[in-house]
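> Please find the sequence and the predicted model below.
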Amino acid sequence: MTSLQVRVQRKSQEAEGIVALELVSADGRPLPGFGAGSHIDVHLPNGLVRQYSLCNSAAERHRYRIAVLREPASRGGSAAVHDLVKEGDVLTISAPRNHFALHDAPRSLLLAGGIGVTPILCMAQRLATWGADFEMHYCTRSPARTAFREEIAASGFADKVHLHHDDGPEAQKLRVAELLKTPEPGTQIYVCGPGGFIDHVVNTAKANGWPAQQIHLEYFAAAAQDTSGDQPFEVKLTSSGQTYRIPKDQTIVQALRAEGVEIMVSCEQGVCGTCITRVLEGVPDHRDCYLTDDERVANDQFTPCCSRSKTPLLVLDL
């Protein structure tokens, strides 16, 4: 995977609990281009690697911008961005990747919950540049927690953006059932934010008859899993023929790492797709937020960082 060296040109407080980093090439060369919805891997000073969506215009090559919410239950990523990263620091990042790309459509509906605004804002910027028909709904707890509020208000697409605050009057709150009441042929829905927000939008759309292929989503973190019923199983690696036991309280990645077998990982929550591995035999127990429903049904790939097995043995293309 291509690595880039970038310098933190600016660190700013964008809203309560949210900071933005403006990253420029350390050698002064233009940065690789990217599409709306792209993200980068950021290697943080404490050794962690985390994925953050790019939220500046996709037409820009002189900078990347990310915004990070300080999570109360941070596993170290958001805390590192807030507390350790400083202006002038040089960071290693990956080239942009995109699993949440815009589709050519007669109309687009953009729905953002909290920090989920980062890829959605980039999409709005791109659609506005194209002169495309779109509508954006941005839900936050309060105006003080609304990142890029002034930037959106000053943009050329401000009239297409609707802000909804939990602490505001009832009349301004987002009514998803009403918004998605009638399926619109060709209209694409894009949703990003907390898991509960995404699930509410997606479930409402599907219940109202919106086709799955018109609904696009990106999770920032996996929902908590009930692991009380987990059982041990085995995995066999085709490269060596070796079989390894996976205890009930360890992931496949953890168990194999203890045996000296490394799998490339990043988020270790089944969100980013870095560790996707081919399954040659057996039935995986999918616990990721990355694969589509059709990809899960096929059972020919899975995320060993969090998923397990429904069968006593999984044979992996490793």
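Perfect, thanks for sending it. In this text the structure is predicted, and so the values were computed from the model without any measurement.
> if I pick residue 37, what's in contact with it?
53, 98-102, 119, 122-123, 190, 218 (CB atoms under 8 Å, 6 or more residues apart in numbering). Bear in mind the C-beta positions are built from the backbone N, C-alpha and C, glycine included.
> quick one: which of the residues you listed is most hemmed in?
residue 190 (30 neighbours; other CB atoms under 10 Å).
> residues in contact with that one?
For residue 190, counting by CB under 8 Å, 6+ apart, the contacting residues are 37, 100, 102, 108-111, 119-120, 123, 216-217.
> Same check on residue 111?
Residue 111 touches 120, 136-137, 139, 174, 176, 189-193, 201, counting by CB under 8 Å, 6+ apart.
> check which helix or strand covers the residue located most distally from the centre of the chain.
Centroid-distance maximum for the chain: residue 241 at 34.7 Å, with CA atoms, centre = their mean. Under DSSP states H and E, no helix or strand contains residue 241.
> how near is it to residue 233?
For residue 241, the distance to residue 233 (CB to CB, to the nearest Å) stands at 18 Å.
> Any stretches of the stretch 51-200 of the chain with poor pLDDT?
The model of the stretch 51-200 of the chain has no residue with pLDDT under 70.
> quick one: which of the contacts of residue 111 has the most company?
Compared across the contacts of residue 111, residue 190 has the highest neighbour count, 30 neighbours, by other CB under 10 Å.
> Just list whatever residues bridge to that residue.
residue 110, residue 216 (DSSP bridges).
> That one and residue 198, how far apart?
Distance of residue 190 to residue 198, given as CB to CB: 11 Å.
> contacting residues for the closest residue to residue 69 other than its chain neighbours?
Ranked by CB to CB, 6 or more residues apart in numbering and with sequence neighbours excluded, the top spatial neighbour of residue 69 is residue 115, at 4.1 Å. The contact partners of residue 115, by CB under 8 Å, 6+ apart, come to 18, 67-69, 147, 193, 220.
> can you pull out the strands in the stretch 51-200 of the chain?
64-69, 90-94, 108-113, 134-140, 161-165, 188-193 (DSSP state E, counting those that start in this stretch).
> okay if I get the ones you listed as TSV plus distance to residue 263?
Formatted as TSV, the entries for the strands of the stretch 51-200 of the chain read as follows, by distance: least, CB to CB, whole Å:
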stretch	distance to residue 263
strand 64-69	26
strand 90-94	17
strand 108-113	31
strand 134-140	36
strand 161-165	41
strand 188-193	27
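> Any idea which of these gets closest to residue 31?
Closest to residue 31 of those, according to CB to CB: strand 64-69, at 6.1 Å.
> Which stretches in the stretch 1-150 of the chain count as helices?
For the stretch 1-150 of the chain, the helices defined by DSSP state H, counting those that start in this stretch cover 77-83, 117-130, 149-153.
> Of all these, which one is nearest residue 62?
Among the helices of the stretch 1-150 of the chain, the nearest to residue 62 by CB to CB is helix 117-130 (15.3 Å).
> And the closest one, how far out from the chain middle?
Its chain's C-alpha centre and that of helix 117-130 lie 16 Å apart, by CA atoms, centre = their mean, to the nearest Å.
> Tell me which residues of that helix come out buried.
117-128 (16 or more other CB atoms under 10 Å).
> Closest one to residue 245 out of the residues you listed, please.
Comparing these against residue 245 with CB to CB places residue 119 closest, at 39.5 Å.
> Not counting its neighbours along the chain, what's nearest residue 59?
In this structure, residue 59 finds its nearest non-sequential neighbour in residue 129, 6.7 Å apart by CB to CB, 6+ apart.
> if I look at that neighbour, how far off is residue 56?
Distance of residue 129 to residue 56, computed by CB to CB: 13 Å.
> How about residue 188?
Residue 188 is 22 Å from residue 56, by CB to CB.
> swap in residue 284?
In terms of CB to CB, residue 284 sits 37 Å off from residue 56.
> So for the two, which sits in the more crowded spot?
residue 284 (24 against 20).
> List the backbone torsions phi and psi for the more buried one.
phi -70, psi 150 (degrees, to the nearest 10).
> mind listing what the residue nearest to it when sequence neighbours are not counted touches?
The shortest distance from residue 284 to any non-neighbouring residue, by CB to CB, 6+ apart, is to residue 302 (3.8 Å). Going by CB under 8 Å, 6+ apart, residue 302 touches 276-277, 279, 284, 286, 288, 291.
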